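Asker: Pasting a predicted model and its sequence here:
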Amino acid sequence: FSLVLSLGATKDMGKMLGGDEEKDPDAAKKEEERQEALRQEEEERKAKYAKMEAEREVMRQGIRDKYGIKKKEEKEAEAQAALEANAEGSLTRPKKAIPPGCGDEEEEEEESILDTVIKYLPGPLQDMFKK
């Protein structure tokens, strides 16, 4: 009994130490079958998740229709269409929108603020800023 055990142990030890492993004549065929099985499982998994995502998208679309919500892509397309409609017939690029209160008036406000600050400074400092 101990002799059989020791023979098996030395045989395994030889493999672990980098000795010659037994060559399986069908090893290549088995590996190919294993790879094919993995590919098939991966395709099935992808199909399953694609189906689940399609079902989710149908549900999302139902919610969008119910509440009048638009997809991000639809919003971007509408914004682009609006820009193109505004620029239609124009030979130049579209003008940038300037918010109200910006422009020449802003400079006048800055000057009046600066004048207000200068009024509250002591006399010698006022003279420095006025020059």
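Answerer: Sure thing, it's come through.

Asker: Would you mind identifying the next helix or strand past the lowest-mean-pLDDT helix or strand in the chain?
Answerer: Lowest on mean pLDDT, DSSP states H and E among the helices and strands of the chain sits helix 2-16, with a mean of 53. Downstream of helix 2-16, the first helix or strand assigned by DSSP states H and E is helix 27-67.

Asker: which regions of this protein sit below the pLDDT cut-off?
Answerer: Residues of the chain meeting the criterion pLDDT under 70: 1-24, 87-111, 129-131.

Asker: Residue 122 - how many residues pack around it?
Answerer: 7 (other CB atoms under 10 Å). The way it works is simple: take the backbone N, C-alpha and C, and place the C-beta from them, glycine included.

Asker: Need phi/psi at it.
Answerer: Dihedral pair for residue 122: phi -60, psi 160, per degrees, to the nearest 10.

Asker: show me the contacts for it.
Answerer: Listed by CB atoms under 8 Å, 6 or more residues apart in numbering, residue 122 has no contact partners.

Asker: do you know how far it is from residue 115?
Answerer: Residue 122 sits at a distance of 16 Å from residue 115 (criterion: CB to CB, to the nearest Å).

Asker: And residue 68, by the same measure?
Answerer: Counting by CB to CB, the gap from residue 68 to residue 115 is 52 Å.

Asker: Give me the more crowded residue out of these two.
Answerer: For residue 68 versus residue 115, neighbours defined as other CB under 10 Å are more numerous around residue 115 (11 against 6).

Asker: where's that one, which helix or strand?
Answerer: Applying DSSP H and E, one finds residue 115 within helix 104-119.

Asker: same question, residue 75
Answerer: Going by DSSP H and E, residue 75 is in helix 72-87.

Asker: now the angle from that helix to helix 27-67?
Answerer: On the basis of axes from the mean of the first three to the mean of the last three CA atoms, to 10 degrees, helix 72-87 is oriented at 60 degrees to helix 27-67.

Asker: Output helix 72-87 as CSV, nothing but the C-alphas.
Answerer: Output of helix 72-87 as CSV, limited to C-alpha atoms (Å, rounded to 0.1, in the frame of the first residue of the first chain):
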residue,chain,number,x,y,z
LYS,A,72,-30.9,63.2,-25.2
GLU,A,73,-30.2,62.6,-28.9
GLU,A,74,-33.6,64.0,-29.9
LYS,A,75,-33.0,67.2,-27.8
GLU,A,76,-29.5,67.6,-29.4
ALA,A,77,-31.0,67.1,-32.9
GLU,A,78,-33.7,69.7,-32.3
ALA,A,79,-31.2,72.2,-30.9
GLN,A,80,-29.0,71.7,-34.0
ALA,A,81,-32.1,72.0,-36.3
ALA,A,82,-33.0,75.3,-34.5
LEU,A,83,-29.5,76.6,-35.0
GLU,A,84,-29.6,75.7,-38.7
ALA,A,85,-33.0,77.3,-39.1
ASN,A,86,-31.8,80.5,-37.6
ALA,A,87,-28.7,80.5,-39.8
